[in-house]
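Enquirer: Here's my sequence, what's the structure:
(one chain, ligands or ions: 1)
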Amino acid sequence: MQKKLYIGTNTKMYKTIRQTVAFLDELGSLTRDIDRNLLELFVIPSYTALDAAARTAQAQAITLGAQNMSWEDEGQFTGEVSPLMLEETGVRLVCIGHSERRHIFGEDDEVENKKVLAALRHHFTPLLCVGETASQKELGIQNEVLRSQLKVGLHDTSPEQARHIWIAYEPVWAIGVGGTPAGVMYASRMHTVIRQTLREIYGGEAGDRIPILYGGSVNNMNARELIQAPDIDGLFIGRSAWDADNFSRIIHDLVDICLIK
Ligand code: PGA
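Expert: Down below sits the predicted model:
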């Protein structure tokens, strides 16, 4: 059976408003030939770019996401961005618990859970990121880490709400400059652990519907192999996606392999 592909990028603290709009324009026109019923293409730019990016993203059939969000609607929280503010921008997706939020800014699973609940309350799709650190992997506790990140992060969400939840598996040791991409066998095993946990939380049917994306040093060399693993429904790409031309090459490769056959 053909799988719907979920492919997207988070541009982190790169790309100004102008650069983001140009990137979306170029990416949209380079991928115009691909049926969006079969491809969920998303871009998660900086907050300041969201408003301008929304018009272009819509015209280019690219789903727009925010990199983070407060769990409060309003209040005395200097530097935070509320769901009400994001609603105004046309964002559909909210990235929650990216490894850089957890490990540089100290967010924990309870915080991610509040954000997941707030995102669902405001009808966003939370993209909850989970993943073990290098030392947790060395200790052999990666399964437990993933299971608890999911069980705490998704606490109090219902099988109905699960229709709107996406998960990204991003091992911390695989992300960014200096990261080593996970091998396909390893990533696939971890995706199976995630799938089993989602089934446990929501039941088989709802748990099976949630897309699980792999992220962490995805590039032109490893993307094809990763996407063919059974429980890998998509790829969440950083550096290799920030040039629209290269990103489009990866996307076309994946489409060829998954959708044409
Ligand atoms: P990377 O980033 O592809 O540059 O490793 C992935 C991510 O942070 O989601």
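
Enquirer: Look up phi and psi at the residue of the stretch 101-250 of the chain found nearest the ligand.
Expert: Of all residues in the stretch 101-250 of the chain, Gly238 sits closest to the ligand, with a separation of 2.3 Å (C-beta to the nearest ligand atom). (C-beta placed from N, C-alpha, C; glycine too.) Note on Gly238: its backbone torsions stand at phi -100, psi -110 [degrees, to the nearest 10].

Enquirer: And for Glu40?
Expert: The phi/psi pair for Glu40 (degrees, to the nearest 10) is phi -100, psi 100.

Enquirer: what do you get for Arg209?
Expert: Phi and psi for Arg209, reported as degrees, to the nearest 10, are phi -80, psi -20.

Enquirer: Just list the residues touching it, thanks.
Expert: By C-beta atoms under 8 Å, 6 or more residues apart in numbering, the contact set of Arg209 is 162-163.

Enquirer: what's the pLDDT at it?
Expert: On the pLDDT scale, Arg209 is placed at 95.

Enquirer: Ok, the one 3 residues further on next?
Expert: Note on Ile212: pLDDT of 98.

Enquirer: hang on, isn't it packed against Asp233?
Expert: Yes. Ile212 is within contact range of Asp233, at 5.5 Å (criterion: C-beta atoms under 8 Å).

Enquirer: higher neighbour count, these two?
Expert: Of the pair Ile212 and Asp233, Asp233 is the one with more neighbours under other C-beta atoms under 10 Å, namely 24 against 20.

Enquirer: Once you drop chain neighbours, what's closest to that one?
Expert: Pro211 (4.1 Å; C-beta to C-beta, 6 or more residues apart in numbering).

Enquirer: Just give me the neighbour total for the one you found.
Expert: Number of residues near Pro211 (other C-beta under 10 Å) recorded here: 19.

Enquirer: now swap in the one 5 residues further on and tell me
Expert: As a burial measure, the neighbour count of Gly216 was computed by other C-beta under 10 Å and equals 25.

Enquirer: thought it was touching Glu170?
Expert: Yes. Look at Gly216 against Glu170 with C-beta under 8 Å: they come within range, at 5.0 Å.

Enquirer: overlap in contacts of those two?
Expert: In contact with both Gly216 and Glu170: Gly131, using C-beta under 8 Å, 6+ apart.

Enquirer: In the stretch 1-150 of the chain, what residue spans correspond to helices?
Expert: Assigned by DSSP state H, counting those that start in this stretch, the stretch 1-150 of the chain shows helices spanning 17-30, 47-59, 83-87, 99-103, 109-121, 134-138, 142-153.

Enquirer: sorry, back to before: who are the contact partners of the residue nearest to Asp233?
Expert: Contact partners of Pro211, counting by C-beta under 8 Å, 6+ apart, are 4, 6, 40, 166-167, 233-234.

Enquirer: Quick check on those: which are buried?
Expert: 6, 40, 166-167, 233-234 (16 or more other C-beta atoms under 10 Å).

Enquirer: Pick out the most distant pair among those residues.
Expert: Glu40 and Ile167 (13.8 Å; C-beta to C-beta).

Enquirer: tell me which element the closest residue to His191 other than its chain neighbours is part of?
Expert: Computed as C-beta to C-beta, 6+ apart, the closest residue to His191 that is not its neighbour in sequence is Asp231, at 3.7 Å. Using DSSP states H and E, Asp231 falls within no helix or strand.

Enquirer: burial of Asp231, as a residue count?
Expert: A count of nearby residues for Asp231, using other C-beta under 10 Å, gives 20.

Enquirer: any idea how far it is from His122?
Expert: Applying C-beta to C-beta, to the nearest Å, the value for Asp231 to His122 is 29 Å.
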